[in-house]
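# Using only what follows, build the 3D model:
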Amino acid sequence: MTADPAPAQAPPPTPDAYRMRPGGGGCPPADNAALLAQGPVARVVLPGEITGMAVLGHEELREFLAHPDVAKDPRHFTGLREGRVPDGWPLRTFATVPGMTTADGADHRRLRGPVAAAFTPPRVEALRPRITMLVDTLLDEVEEAARADGTADLRRLLALPLPMAVIGELLGLDPAHHDRLHALSERVVATGAGPEETLAANRALLAVVGEVAAARAADPGYDLTSALIAARDEDGGRLDDAEVIGTLLLMVVAGHETTLNLITNAVRALCAHRDQLGLVLDGHATWAQAVEETLRWDSPVSAFPFRYATRDLTLGSRVIPAGLPVLAGYAAAGRDRAAHGPDADRFDVTRAGPRHLSLGHGPHYCLGAPLARLEVTVALERLFGRFPELTLAEPEETLPPVAGFVGNSVRRLPVRLR
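Sure thing, here's the model as predicted:
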């Protein structure tokens, strides 16, 4: 990647630009194949007829994510800075929420610091007994739900409540907030909502998160929310009010939505590839390998907003103009044949080759990656150890996809236990 000598103009939407489908409703692999067909870097049209770019090739994305002339700070988003992005734009929260996902350099490190210690591998591994207990309790509920006809919705009964409970305990959330927080998170990450719905969802989510912060400020504990408040009130005011709320919002949404999708996608993949499931059950591959292959083959995040080139950059043969919003195409990169070979579309838990990028790369690599990996590994091991004959109860193609192009999964996961 090199800097161009003269600034390029932000291109208007053109016929060759791929129009991102804000409401979802399609097959993500097919959508990503259509994007990749335009090359490793593609011009896209975002909701509201806003021109953007998407980086889709594995090597191009790896380079882009770590490049020093690529930023997350929304002051580099030209359209936003010039007032051409309305308040009700469905992707505005991704660009503007105060916190580590919209900060760079020393500011990013300042915001990441207060929570990073909770996600080190040793700290996460210490959670294994609690996560195992939660999974076993939830599987009891799955089995009870299946007593009527042998089927149960695994997304609703396992994939959702597990990460919600884990992040809830880490943040000191009242379990009474869990359902409300998830419902609002879904609305915030959807990309097809109208302006009024978008604004209402953001206001409601901020209100709930504000209640959580106020409760912990009044009654501090040994949790991450209390640690964030302490970083605001002590330590020279390391965080301000907006940053505390923004960080909590990020932890709630990212702390369960991605893991929810990953558990769902892993179960679907293993049910559809019984030979691969058999390799793991027979000890010829590990559950950790199954998790990594799912991350590559069916990433829980399809295209994540936003990064911005701080000056015009050439990536491969394509210019990324400074100031355009750029999507990180994690799902497409996972199926990139240039990196993963001609069989990139094949699910293979024993696959060797370059590591996927589905948890990011560079300074913004996913803080919760060790926790997500542990939760999903334990969930799969306990689930298939208890129900080795588990299968999907409906054809894969009939399962409705999640709304929008950010998350990548299905809204239901009906399974037959035996």
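# where do the strands sit along the protein?
2-3, 18-19, 41-46, 50-55, 70-71, 151-153, 304-309, 313-315, 318-320, 326-328, 391-392, 414-416 (DSSP state E).
# Any idea which of these has the lowest pLDDT on average?
With a mean of 40, strand 2-3 has the lowest mean pLDDT of the strands of the chain.
# so where's the stretch 151-300 of the chain shaky on pLDDT?
Residues of the stretch 151-300 of the chain meeting the criterion pLDDT under 70: 235-237.
# What ranges does it have for its helices?
Under the criterion DSSP state H, counting those that start in this stretch, the stretch 151-300 of the chain contains helices at 154, 161-171, 178-189, 195-218, 224-233, 241-272, 274-281, 287-297.
# So which of these is nearest residue 395?
Among the helices of the stretch 151-300 of the chain, the nearest to residue 395 by CB to CB is helix 241-272 (10.4 Å). (Each C-beta comes from the backbone N, C-alpha and C, glycine too.)
# That closest one: which residues count as buried?
Using 16 or more other CB atoms under 10 Å as the test for burial, helix 241-272 gives 243-271.
# What lies in contact with stretch 107-120?
Residues outside stretch 107-120 that contact it (CB atoms under 8 Å, 6 or more residues apart in numbering): 72-73, 99-100, 103, 123, 170, 224, 227-228, 231, 238-239, 243, 247, 251, 363-364, 367-371.
# one more time with 7 Å
The contact list for stretch 107-120 (CB atoms under 7 Å, 6 or more residues apart in numbering) reads 99-100, 103, 123, 170, 224, 227-228, 231, 238-239, 243, 247, 251, 363, 367-368, 370-371.
# Go ahead and measure how far that stretch is from the middle of the chain.
18 Å (CA atoms, centre = their mean, to the nearest Å).
# list the contacts for residue 351?
Applying CB under 7 Å, 6+ apart to residue 351 gives the contacts residue 293.
# Backbone dihedrals for it, please?
Here is the backbone geometry of residue 351 (degrees, to the nearest 10): phi -60, psi 140.
# gap between it and residue 343?
Distance, residue 351 to residue 343, by CB to CB, to the nearest Å: 9 Å.
# do the same with residue 259
For residue 259, the distance to residue 343 equals 27 Å [CB to CB].
# before we move on, what about residue 314?
From residue 314 across to residue 343, the span is 30 Å (CB to CB).
# Which residue of these two possesses the greater neighbour count?
Using other CB atoms under 10 Å, the more surrounded residue of residue 314 and residue 343 is residue 314, with 15 against 10.
# hey, what's that one bridged with?
Beta-bridge partners recorded for residue 314 (DSSP bridges): residue 2, residue 319.
# now swap in residue 304 and tell me
Applying DSSP bridges to residue 304 gives these bridge partners: residue 328.
# Enumerate every residue touching it.
Residues near residue 304 by CB under 7 Å, 6+ apart: 327, 328, 330, 406.
# which residue packs closest to the last one, ignoring adjacent ones?
Looking back up the chat, that one is residue 406. residue 189 (5.3 Å; CB to CB, 6 or more residues apart in numbering).
# pretty sure the one you found contacts residue 407?
Yes - the pair residue 189 / residue 407 is scored as a contact, 5.9 Å apart, by CB atoms under 7 Å.
# Need the residues touching each of these two.
Common contacts of residue 189 and residue 407, defined by CB under 7 Å, 6+ apart, comprise residue 257.
# quick one: contacts for residue 194?
Residues near residue 194 by CB under 7 Å, 6+ apart: none.
# Residue 72 versus residue 212, what's the distance?
Separation of residue 212 from residue 72 (CB to CB): 25 Å.
# correct me, but residue 175 touches residue 167?
No - the criterion here is CB under 7 Å, and residue 175 misses it with residue 167 at 11.7 Å.
# Mind checking which of these two has more residues around it?
Per other CB under 10 Å, whichever of residue 175 and residue 167 has more neighbours is residue 167, with 24 against 11.
# Show the model's pLDDT score for residue 362.
In this prediction, residue 362 carries a pLDDT score of 94.
# neighbours around it, how many?
Neighbours around residue 362, by other CB under 10 Å: 14.
# Likewise for the one 3 residues further on?
Residue neighbour count, defined by other CB under 10 Å, stands at 12 for residue 365.
# Dihedrals phi and psi, it?
The phi/psi pair for residue 365 (degrees, to the nearest 10) reads phi -50, psi 140.
# list the contacts for it?
Neighbouring residues of residue 365 by CB under 7 Å, 6+ apart: residue 359.
# Residue 358 versus that one, what's the distance?
Separation of residue 365 from residue 358 (CB to CB): 11 Å.
# likewise residue 376?
Counting by CB to CB, the gap from residue 376 to residue 358 is 12 Å.
# Equivalent analysis for residue 289, please.
Separation of residue 289 from residue 358 (CB to CB) stands at 15 Å.
# picking up where we left off before, which of the helices of the stretch 151-300 of the chain sits closest to residue 309?
Using CB to CB, the helices of the stretch 151-300 of the chain put helix 241-272 closest to residue 309, at 23.3 Å.
# Which elements pack onto that closest one?
On a contact count with 3 or more CB pairs under 7 Å, 6 or more residues apart in numbering; DSSP states H and E, helix 241-272 meets helix 105-116, helix 161-171, helix 178-189, helix 195-218, helix 224-233, helix 287-297, helix 369-386, strand 391-392.
# and residue 53, bridged to which residues?
Beta-bridge pairing for residue 53 (DSSP bridges): residue 43, residue 326.
# give the contact list for it.
Counting by CB under 7 Å, 6+ apart, residue 53 touches 41, 42, 43, 44, 320, 324, 326.
# ok, so of these, who is nearest residue 137?
Closest to residue 137 out of the contacts of residue 53 is residue 326 (41.9 Å), distances taken as CB to CB.
# Report the contact partners of the closest one.
For residue 326, the contact set (CB under 7 Å, 6+ apart) comprises 52, 53, 54, 55, 306, 307, 308, 320.
# picking up where we left off before, switch the helices and strands packed on helix 241-272 over to CSV, and while doing so, append distance to residue 133 to every line.
Formatted as CSV, those follow (distance: least, CB to CB, whole Å):
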stretch, distance to residue 133
helix 105-116, 24
helix 161-171, 10
helix 178-189, 17
helix 195-218, 24
helix 224-233, 20
helix 287-297, 18
helix 369-386, 10
strand 391-392, 26
